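[1] quick one, what's the 3D model for this:
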Amino acid sequence: METKYVWLHDWVVVDYLFRSHNKQKTKNIELLVGLMLCKFCEKQWSTKCTIGLPVMDRYEKEIPTNGMVDLAQLEDIVENKIDEATPTDIVIGRNEPETNRKGQLVSQGMSFQIKRFGKNPTAQDTEALINFITEEIPKKYPPNSGSGLIVLAETPEEIRLKEVAEKIQNTSHPFEKIIIIGLEEKRYLNFYGLWPNTGQCQFDLDTFEFNF
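    Sure, this is the predicted structure:
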């Protein structure tokens, strides 16, 4: 069955994340990652991007088809209408979405699966991360998923990223990209490309901009 998406401008996500009464902690993290990916893709593609969230089929008719979601609508969607059963957490769309023949807003772009690593106190080091990427996660997704994998590193252990990148080069996994994200000094998100290309940059949580 085709996944339906609701599309967001980045400023709506920023406003939503700043609202103090928001208690959706896990979704908060996913939206923050989505905002970061949106900014990253805008730089890579040299075009304005939008953020897509999967919604449950039964709410499809309640999703706007002539314009983007506003702040009040986003609060309701996040609390009640997100489809958690899909392998896609976030989609970054190129340009503004367009209405298809079915009256649905659609956009070309790339989907991402977001996974948190390090919450298990017995699996927080470099070897555990390699096993997480090469053994655990591929069991849950079909080959050639077409999605990118975002790993949020929430571990006190120092991760040897070069070793992780080298180890996953020779393994089969279902993702087109693998990126790891870690927090530094509560202000910066470190963004590491692990596969197929390696590289590093920082996302400033005060300005919501990258340093490149």
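
[2] can you tell me what sits against stretch 151-163?
    29, 33, 114-119, 124-126, 129-130, 132-133, 178-182, 192, 194 (Cβ atoms under 8 Å, 6 or more residues apart in numbering). Where you see a C-beta, it was placed from the backbone N, CA and C, and this is true even at glycine.

[3] may I see the domains of this protein written out as residue ranges?
    1-107, 130-212 (automatic domain parsing).

[4] tell me how far the longest helix along the chain lies from the chain's centre.
    Secondary structure of the chain per DSSP state H: the longest helix is helix 25-45. Relative to the chain's own centre, helix 25-45 is displaced by 6 Å; criterion: Cα atoms, centre = their mean, to the nearest Å.

[5] the residue nearest to F175 when sequence neighbours are not counted: how many residues sit nearby?
    Among residues not flanking F175 along the chain, L149 sits closest, at 4.2 Å (Cβ to Cβ, 6 or more residues apart in numbering). Neighbour count for L149, taken as other Cβ atoms under 10 Å: 23.

[6] ok, now K186?
    6.

[7] start at 302 instead
    Sounds good: first residue 302 from here, last item K487.

[8] tell me the secondary structure for it?
    Secondary structure, DSSP: H, G, I helix; E, B strand; the rest coil: K487 is coil.

[9] the one 4 residues further on too?
    The three-state assignment at N491 reads strand, by three-state DSSP.

[10] residue contacts, it?
    482-485, 501, 503.

[11] tell me the bridge partners for it.
    G483, Q503 (DSSP bridges).

[12] local confidence estimate at it?
    pLDDT recorded at N491 is 86.

[13] cool, and R402?
    65.

[14] same deal with P497?
    pLDDT recorded at P497 is 84.

[15] same check on E385?
    84.

[16] what's the burial count for it?
    Counted with other Cβ under 10 Å, E385 comes out at 9.

[17] before we move on, back to that, which ones among the contacts of stretch 452-464 map onto helices?
    Reading helices off the contacts of stretch 452-464 with DSSP H, I get 330, 334, 427, 430-431.

[18] among the residues you listed, find the lowest-pLDDT one for me.
    Lowest confidence among the ones in helices among the contacts of stretch 452-464: I330, with 85.

[19] give me the nearest residue to that one, chain neighbours excluded.
    Using Cβ to Cβ, 6+ apart, the nearest residue to I330 is L453, at 6.8 Å.

[20] so the one you found lies in a helix, does it not?
    No: with three-state DSSP as the criterion, L453 is strand rather than part of a helix.
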